[in-house]
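1. here are the coordinates; sequence isn't available:
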Ligand code: NAD
Ligand code: UD1
């Protein structure tokens, strides 16, 4: 009776593993460290005093994954493993297709082979494409988003063929924040693409100022509005999804967000206030592909799983900063 967490040493995976261990789930992690570090496992131990079993395997490697399934009694899977850089996916679409879709296909094949019925999949708000008044999937603006949508279709087909399968597709909005211990957090390699890690790197002196991409959007202050969700709330959403799957619901889909929109400058101000710091910024050209606003209707997740976000952007700003301040070089040792 073990939960297999693919990508469990990554940003969202590590926070979810901590919450699973706190609730005494038996956790098996598989990760190939393509975007994470072994040190994460020590940090998970420091927080929980537990060491989940760990396999350094590429999830696309069917032979090695089969060995893992033979050894472990997997009952549920949370599938975080995937590449997630929008910019890189535009440069290397095939890499994203091979890795993201390839790893999902291997898991589905092994689920059938080993009689595993339950899987929770990390999808993304990106599947909504350019948001309209009525959210609808499709029109993905980049290859990364397309892989998420393609995997959603794979899962839907799988559910049609396997009536005993229970699948939760979770569409995340913008995860930020870190565990309150400051021991685990987001550790982007190179220049961060996303807003919060860029802000924390300015705060820690790694970058001189924040580039604010555009102040002429149709929003209250002209800067882009997003739905920032604390990563621990997001982690709890996975525990809620596992509980939901115990009801054998077949395939279910939920947005995981707060339902609240926050602009770039709102987030900067919240960060400054929460941490008593100043974040210098410069207004720059719009970033290609960005939209005015994108936030979640997460009411279905509450109605059907009793999950809702409990933390706010102030909590996230405080926790992101604690993580960055305590780990100026991320998981790399000084
Ligand atoms: P992350 O890069 O921190 O974690 C992903 C982990 O998967 C990493 O540890 C990486 O080493 C591992 N991995 C990737 N490919 C692998 C493979 N083939 N085999 C084994 N391990 C592999 O990313 P994250 O932010 O924690 O995101 C987790 C999931 O959530 C991803 O699927 C991502 O697309 C999705 N998601 C993330 C966000 C976000 O903003 N962070 C938003 C929406 C969806
Ligand atoms: C991006 C991805 C999305 C992914 C999400 C979470 C794109 C087009 N979309 O969403 O697929 O699911 O990250 O990982 O890349 N901003 C700045 N300065 C910065 C960085 C960002 O002003 O240095 C602004 C952006 O213009 C945007 C907001 O901050 O208005 C949020 O940006 P970001 O954190 O990159 O997330 P998204 O663009 O929403």
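-> Sure thing, it's come through. Keep in mind that what you see is a predicted model, and the values were worked out from it rather than measured. Ligands and ions are numbered 1, 2, ... in the order given.
2. could you check which residue of the stretch 1-150 of the chain lies nearest ligand 1?
-> In the stretch 1-150 of the chain, the residue that lies nearest ligand 1 is residue 10 (2.0 Å; Cβ to the nearest ligand atom). In this view, the C-beta of every residue, glycine as well, is placed from N, C-alpha and C.
3. in the chain, what spans have low per-residue confidence?
-> Scanning the chain for pLDDT under 70 picks out the ranges 131-136, 333-334.
4. neighbours of the residue of the stretch 1-150 of the chain closest to ligand 1, how many?
-> For residue 10, the count of nearby residues is 27 (other Cβ atoms under 10 Å).
5. show me where the stretch 51-200 of the chain has strands.
-> For the stretch 51-200 of the chain, strands defined by DSSP state E, counting those that start in this stretch occupy the ranges 53-56, 74-79, 118-124, 166-172, 174-176.
6. would TSV of these with distance to ligand 2 and mean neighbour count be doable?
-> Listed next are the strands of the stretch 51-200 of the chain as TSV, based on distance: least, Cβ to the nearest ligand atom, whole Å; neighbours: other Cβ atoms under 10 Å:
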stretch	distance to ligand 2	mean neighbour count
strand 53-56	25	16
strand 74-79	16	22
strand 118-124	4	24
strand 166-172	7	23
strand 174-176	5	24
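7. quick revisit: which residues sit in contact with the residue of the stretch 1-150 of the chain closest to ligand 1?
-> Listed by Cβ atoms under 8 Å, 6 or more residues apart in numbering, the contact set of residue 10 reads 31, 35, 36, 80, 81.
8. look up how far residue 286 lies from it.
-> For residue 10, the distance to residue 286 (Cβ to Cβ, to the nearest Å) stands at 29 Å.
9. please apply the same query to residue 138.
-> 23 Å.
10. and what about the residue lying closest to residue 292 once chain neighbours are set aside, helix, strand or coil?
-> Spatially, and ignoring its direct neighbours in sequence, residue 292 is nearest to residue 217 (4.4 Å; Cβ to Cβ, 6 or more residues apart in numbering). Secondary structure, DSSP: H, G, I helix; E, B strand; the rest coil: residue 217 is coil.
11. so residue 217 is in contact with residue 224, correct?
-> Yes: with contact defined as Cβ atoms under 8 Å, residue 217 reaches residue 224; the gap is 5.5 Å.
12. shared neighbours of the two, anything?
-> By Cβ under 8 Å, 6+ apart, the residues touching both residue 217 and residue 224 are 292, 293.
13. neighbour count: these two, which is higher?
-> residue 224 (24 against 19).
14. so which strand or helix has residue 310?
-> Residue 310 belongs to no helix or strand when elements are defined using DSSP states H and E.
15. hang on, isn't it packed against residue 235?
-> No: Residue 310 is beyond contact range of residue 235, at 11.7 Å (criterion: Cβ under 8 Å).
16. looking at these two now, which is surrounded by more residues?
-> Between residue 310 and residue 235, counting by other Cβ under 10 Å, residue 235 is the more crowded of the two (22 against 11).
17. hang on, the more buried one packs against residue 18?
-> Yes: with contacts counted by Cβ under 8 Å, residue 235 reaches residue 18, the gap being 7.1 Å.
18. mutual contacts of those two, please.
-> By Cβ under 8 Å, 6+ apart, no residue touches both residue 235 and residue 18.
19. need the contact list for the residue in the stretch 151-300 of the chain that ligand 2 sits nearest to.
-> In the stretch 151-300 of the chain, the residue that lies nearest ligand 2 is residue 224 (2.2 Å; Cβ to the nearest ligand atom). With contacts defined as Cβ under 8 Å, 6+ apart, the neighbours of residue 224 are 213, 214, 217, 263, 264, 290, 291, 292, 293.
20. make it 10 Å
-> 195, 212-215, 217, 261-265, 267, 286-287, 290-294 (Cβ atoms under 10 Å, 6 or more residues apart in numbering).
21. how about residue 207, secondary structure?
-> Under three-state DSSP, residue 207 comes out as coil.
22. who's in contact with it?
-> Residue 207 makes contact with 191, 192, 198, 199, 200, 201, 280, according to Cβ under 10 Å, 6+ apart.
23. pretty sure the fourth one contacts residue 176?
-> Looking back up the chat, that one is residue 199. Yes: Residue 199 lies in contact with residue 176 (Cβ atoms under 10 Å); the separation is 9.2 Å.
24. residue at max distance from the center of this protein?
-> Among residues of the chain, the one most distant from the C-alpha centroid is residue 216; the distance is 28.7 Å, by Cα atoms, centre = their mean.
25. let me know how buried the closest residue to it other than its chain neighbours is, in neighbour terms.
-> Closest residue in space to residue 216, ignoring its immediate chain neighbours: residue 222 at 5.4 Å, by Cβ to Cβ, 6+ apart. Residue 222: 16 surrounding residues under other Cβ under 10 Å.
26. ditto for residue 200
-> Close neighbours of residue 200, defined as other Cβ under 10 Å, add up to 28.
27. got the contact list for it?
-> Residue 200 sits next to 176, 178, 185-186, 188, 192, 206-207, 271, 275, 279, 317, 320-325, 328 when contact means Cβ under 10 Å, 6+ apart.
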